[in-house]
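J.: I would like the atomic coordinates for the input below:
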Amino acid sequence: MTVASDALVLSALAFGMLGCTDLPDPKKGESDGAGGGSDALTWSGGIRDIFQQNCVRCHASGQFSTYEPMQTYQQLLEQVPNIAAKIQDPPSHGAQMPPYPGGSVDGACEPAHPYSNDLRMPPEQIEAVLRWIGAGKPEGAPSNDFLLAEPPAALDAAVEYAFDEGYVMSIGSDDDDGHRDDWVCVIVDPELTDGDGFLSGIQINSGVNQVFRGGLVRLDKARESLAFVGPTSTRNHGVRWYDCDEGFGFAGDILGGFLPEGEPIETPEGSAVRVPQGSLIVYKIHYHGHYDTVNPDDTDPLPPLIEWPDHTSLSLRWEDPANVARPTSLLTFGNYDTAAVDGTGSLTPPFELPGKANKHVESMVTRVPGKPSDAYAVWAVQPEMGAYGLMASVSVTRAGDSSPDCLAANPRWIDTWQLPLTIDPVANPVIVHGGDRLQLDCQYRNPSASSITLADESCRAMIGLLPME
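T.: Predicted structure coming up:
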């Protein structure tokens, strides 16, 4: 998927908000005798299209949320109370569905620019759905339509690195609450033996959609991940993959994140990320299974053990250096435990979440690299926290300014759903200069009585910086 004329190629992921056109007008409807006259919205008169655009890429047979399908009018009726609650913004949080990890934090971080991969349901669509529910959920013209999930766009001209060893996600009748979570890290060696590589696209290709909940990608410059597939490692499960329940195991640069049915991540046209010679790339897969509701064989009764053999792979697009007009950088910063020195460090050292703390904030800062005359367009921002995170925001304070500008915010943190929040560097350029201060604010809740440190949490962010011509 590309955007013409040097525009950012969107790195939007999942849930079908890309390419939405002809949205139903909440103030209009069809007069079909189904309860409401000319001002009534009906399922067949527009509401169906909203769910097609926003929901069925997950809430469909064979997809991650197949246990809560929304493919027919009758199925929607069963989900209405849940839908009404989850598409609205509760105070101080983003809407739960669609689960786009971008937005704003009122009074703290409110971006003046739009996200170019915004997957949130537009306000007019939310209003239309709520009005339809309030009007009694009229069907309109009877229809046997069955909404189908559209697959994500493929990353063109890419090399697919297969996960030949594979992983078997299994869940039994005795698993807790009929649910199970597994995390696996897969090592990819792009064999950059003759020099640095230039990467312009990334995509995780889900093998079994029913159990793929999300994925993260990191750069391993020092090849540290190989220690976890060695013969003495307790995390070793194969030649190129290891148990990732405890995380990646190394502090590599953030390359991206993916939601179920995620679209490719692509750098702005004419640019690519330099990958140092000898580097490895590691992707982390989160599997989530539902014993009582997901049945791959459609058998009844369910067998004592359900298994999904999975081969989720990674696609990478490499560029000829001669075709890279502007190398872009992905600046990863954070996880500092000491006070800031020369503009880089923690504003709240050391990193510690006190026991029973709620809305505890840790703040990290660094400087945009280069001289004040070096200008960059910010095209991607991806915060990173762990399971105790509540919300995160990234801002920039420019030289000579006293107040920061918000770059991106995640008002409702879910650690399994991470992705770059992208900004179109042509349509909505956000310019920073060398020496400008970047600040990441991470908010947490610690339900335990014990303190939590960086050994069990994270407060990092990735910033995509495109040099200005």
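
J.: Burial check on Trp132, number of neighbours?
T.: Number of residues near Trp132 (other Cβ atoms under 10 Å) recorded here: 26. For glycine as for every other residue, the C-beta is placed from the backbone atoms N, C-alpha and C.

J.: just Tyr167 next, same as before
T.: Tyr167 has 22 neighbours, counted by other Cβ under 10 Å.

J.: and it, what does it touch?
T.: When contacts are counted by Cβ atoms under 8 Å, 6 or more residues apart in numbering, Tyr167 touches Asp182, Val184, His237, Trp241, Ile285, Tyr287, Pro309, Asp310, His311.

J.: switch the cut-off to 10 Å
T.: Tyr167 makes contacts with 182, 184, 186, 207-208, 211, 237-238, 241, 285, 287, 308-312, as judged by Cβ atoms under 10 Å, 6 or more residues apart in numbering.

J.: how about it, phi and psi?
T.: Tyr167 has phi and psi values of phi -140, psi 140 when expressed as degrees, to the nearest 10.

J.: Read off the pLDDT value for it.
T.: Note for Tyr167: predicted pLDDT of 94.

J.: Of the contacts of Tyr167, select the buried ones using a PyMOL command.
T.: Here is the PyMOL command that selects only those of the contacts of Tyr167 that count as buried (16 or more other Cβ atoms under 10 Å):
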select buried, resi 182+184+186+207+208+211+237+241+285+287+308+310+312
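
J.: Out of the contacts of Tyr167, flag the one nearest to Pro321.
T.: Val186 (26.9 Å; Cβ to Cβ).

J.: from memory that closest one sits against Asp243, does it?
T.: No - the criterion here is Cβ atoms under 10 Å, and Val186 misses it with Asp243 at 11.5 Å.

J.: which other helices and strands contact the helix or strand where Leu255 lies?
T.: Using DSSP states H and E, Leu255 sits in strand 253-258. Here strand 253-258 touches strand 197-205, strand 212-220, strand 265-266, strand 271-275, strand 280-290, strand 326-334, strand 375-385, strand 459-467, going by 3 or more Cβ pairs under 10 Å, 6 or more residues apart in numbering; DSSP states H and E.

J.: Among the contacts of Tyr167, name the ones in strands.
T.: Judged by DSSP state E, strands contain the following of the contacts of Tyr167: Asp182, Val184, Val186, Trp241, Ile285, Tyr287, Trp308, Pro309, Asp310.

J.: For those, please prepare a markdown table with the additional fields pLDDT and distance to Pro142.
T.: What follows is the ones in strands among the contacts of Tyr167, written out as a markdown table (pLDDT from 0 to 100; distance: Cβ to Cβ, whole Å):
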| residue | pLDDT | distance to Pro142 |
| --- | --- | --- |
| Asp182 | 93 | 43 |
| Val184 | 96 | 46 |
| Val186 | 98 | 48 |
| Trp241 | 96 | 50 |
| Ile285 | 96 | 42 |
| Tyr287 | 92 | 40 |
| Trp308 | 87 | 37 |
| Pro309 | 92 | 41 |
| Asp310 | 94 | 40 |
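
J.: Format those as TSV; extra columns: distance to Arg223.
T.: Shown next, in TSV, are the ones in strands among the contacts of Tyr167 (distance: Cβ to Cβ, whole Å):
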residue	distance to Arg223
Asp182	25
Val184	19
Val186	15
Trp241	15
Ile285	20
Tyr287	25
Trp308	30
Pro309	28
Asp310	25
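
J.: buried ones in stretch 98-113?
T.: Within stretch 98-113, the residues that count as buried by 16+ other Cβ under 10 Å are Pro98, Pro99, Tyr100, Pro101, Gly102, Gly103, Ser104, Val105, Ala108, Cys109, Pro111, His113.

J.: Met70 against Gln79, yeah?
T.: Yes - assessed by Cβ under 10 Å, Met70 is found in contact with Gln79 at 6.1 Å.

J.: Now list whatever residues contact both of those two.
T.: By Cβ under 10 Å, 6+ apart, the residues touching both Met70 and Gln79 are Phe51, Cys55, His59.

J.: so where's the stretch 201-350 of the chain shaky on pLDDT?
T.: Applying pLDDT under 70 to the stretch 201-350 of the chain picks out residues 291-301.

J.: for the chain, what spans make up the helices?
T.: Here the chain has its helices, by DSSP state H, at 48-54, 73-86, 123-134.

J.: The residue nearest to Pro101 when sequence neighbours are not counted: how many residues sit nearby?
T.: The spatial neighbour of Pro101 that comes closest, neighbours along the chain excluded (Cβ to Cβ, 6 or more residues apart in numbering), is Asn410 at 4.7 Å. The burial count assigned to Asn410 is 31, neighbours taken as other Cβ under 10 Å.

J.: Then Gln203?
T.: 27.

J.: show me the contacts for it.
T.: With Cβ under 10 Å, 6+ apart, Gln203 has these contacts: 11, 13, 152-155, 158, 160, 215, 217, 256, 258, 262-266, 313-317.

J.: Buried ones among those residues?
T.: The buried subset of the contacts of Gln203 (16+ other Cβ under 10 Å) comprises 11, 13, 152-153, 155, 158, 215, 217, 256, 258, 262-266, 313-317.

J.: low-scoring pLDDT stretches of the stretch 51-200 of the chain, where are they?
T.: In the stretch 51-200 of the chain (pLDDT under 70), the answer is 65-67, 90-94, 176-177.

J.: would you list every one of the strands in it?
T.: Counting by DSSP state E, counting those that start in this stretch, the stretch 51-200 of the chain has strands at residues 159-161, 167-172, 179-188, 197-205.

J.: Likewise for the stretch 351-469 of the chain?
T.: Going by DSSP E, counting those that start in this stretch, the stretch 351-469 of the chain shows strands at 358-367, 375-385, 389-397, 405-410, 421-422, 431-433, 437-445, 459-467.

J.: neighbouring strands for the last one, and are they parallel or not?
T.: Here strand 459-467 has these sheet partners by DSSP bridges: strand 326-334 (antiparallel), strand 375-385 (antiparallel).
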